[in-house]
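A.B. asks: Show me how the following folds:
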Amino acid sequence: MTLRQRLALTRMRLHIRARRVACGFRYAIGRNTTTDGYNLFHEGETLIGYYALEGLSENSVLEAAQERFGDVPELASLVSAACERVASKWSSTGDTQGAAEDWAFEKIMEYAESRGITLTDSWSLTP
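C.D. replies: Got it, this is the predicted structure:
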């Protein structure tokens, strides 16, 4: 990582912390904005691992992912990242839970590949 990239990352982290402090202060004095509410809601989803997509939860996706890919130590972090991404970009077309979980599985496989993690998909194996 270059010095320029490090400085940009540090600046971004400081900006996020300053935003959180300001939001916390506004919350403490009862002056939250709509943006504060959205940010708190989104960060709350990430903290508890449950996303308001008619039932997309990290636990249900993790259970299905363990059934599908087996016992992979990094699977929980892949599931968390995938669910967060799907939740942040989702738009409903009907079967929200099934479609959201399918998309989360696509992201799990994409993130695993980018991290050099090999997953064996038992759902796509034919006997």
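
A.B. asks: Break the protein into its domains for me.
C.D. replies: Per the record, the chain has its domains at 1-48, 50-122, by automatic domain parsing.

A.B. asks: what about the shortest one, how long is it end to end?
C.D. replies: Distance across domain 1-48, first residue to last, is 32 Å (Cα to Cα, to the nearest Å).

A.B. asks: Centre of the chain to it, how far?
C.D. replies: 16 Å (Cα atoms, centre = their mean, to the nearest Å).

A.B. asks: before we move on, what about stretch 74-93?
C.D. replies: On Cα atoms, centre = their mean, the centre of stretch 74-93 falls 4 Å from that of its chain.

A.B. asks: Would you map the strands across this protein?
C.D. replies: With DSSP state E, the ranges of strands along the chain come out as 50-51, 56-57.

A.B. asks: Partner strands of the last one and their direction?
C.D. replies: It stands for strand 56-57. Strand 56-57 pairs in its sheet with strand 50-51 (antiparallel), by DSSP bridges.

A.B. asks: How far away from the center of its chain is the partner strand?
C.D. replies: On Cα atoms, centre = their mean, the centre of strand 50-51 falls 9 Å from the chain's centre.
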